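Colleague: Build me a model:
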Amino acid sequence: MNTGRQTSQEGELERVIITVVGKDKVGIIAGVTGLLSENNVNILDISQTIMQDFLTMIMVTDISGMTVSLQRLQEILTEKGEKIGVRINAQHEDIFKYMHRI
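Modeller: Take a look at the predicted model:
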């Protein structure tokens, strides 16, 4: 099956940065990480903080074994975010680095 995404060289990580921001409530982390697991996205690093009533989370993930395209993953995450009341963004590491360079 063609997933519509470019595959990395064997053994090479293809990283995506995922951010989650919104009002804290039960189930946000479980909902997002469960969705990633369903699509064979590996979480390499995760950090989350609750400031007053708001959750901020950032994850570095490996999508080299992912079962959908990055565009489809972004759509799925956006839909999930709307359902649970948070904003979820996913950016390929190359774009993230380019946008945040000094």
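Colleague: And the helices in the chain?
Modeller: Here the chain has its helices, by DSSP state H, at 28-38, 70-84, 93-99.
Colleague: The ones you listed: lowest mean pLDDT?
Modeller: Of all the helices of the chain, helix 93-99 carries the lowest average pLDDT, namely a mean of 71.
Colleague: Settle this for me: Asp24 is touching Ile50, isn't it.
Modeller: Yes: proximity of Asp24 to Ile50 meets the contact threshold set by CB atoms under 8 Å, at 5.2 Å. Every C-beta, even on glycine, is put in place using the N, C-alpha and C of the backbone.
Colleague: who's more crowded, these two?
Modeller: Asp24 (16 against 10; other CB atoms under 10 Å).
Colleague: quick one: the closest residue to the more buried one other than its chain neighbours from Asn42, how far?
Modeller: Counting by CB to CB, 6 or more residues apart in numbering, Asp24 lies nearest to Leu55, which is 4.2 Å off, once chain neighbours are set aside. Leu55 is 22 Å from Asn42, where distance means CB to CB, to the nearest Å.
Colleague: Could you pull up the contacting residues of the spatially closest residue to Val86 that is not a sequence neighbour?
Modeller: Closest residue in space to Val86, ignoring its immediate chain neighbours: Gly22 at 3.0 Å, by CB to CB, 6+ apart. Contact partners of Gly22, counting by CB atoms under 8 Å, 6 or more residues apart in numbering, are Ile28, Phe54, Leu55, Gly81, Ile84, Gly85, Val86, Arg87.
Colleague: hmm, 10 Å instead?
Modeller: Ile28, Asp53, Phe54, Leu55, Thr56, Met57, Gly81, Ile84, Gly85, Val86, Arg87, Ile88 (CB atoms under 10 Å, 6 or more residues apart in numbering).
Colleague: Filter those residues down to the buried ones, ChimeraX style.
Modeller: The ChimeraX selection below is limited to those of the contacts of Gly22 classed as buried (16 or more other CB atoms under 10 Å):
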select :28,55,57,81,84,86,88
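Colleague: wait, which of the contacts of Gly22 is closest to Gln74?
Modeller: Ile88 (8.7 Å; CB to CB).
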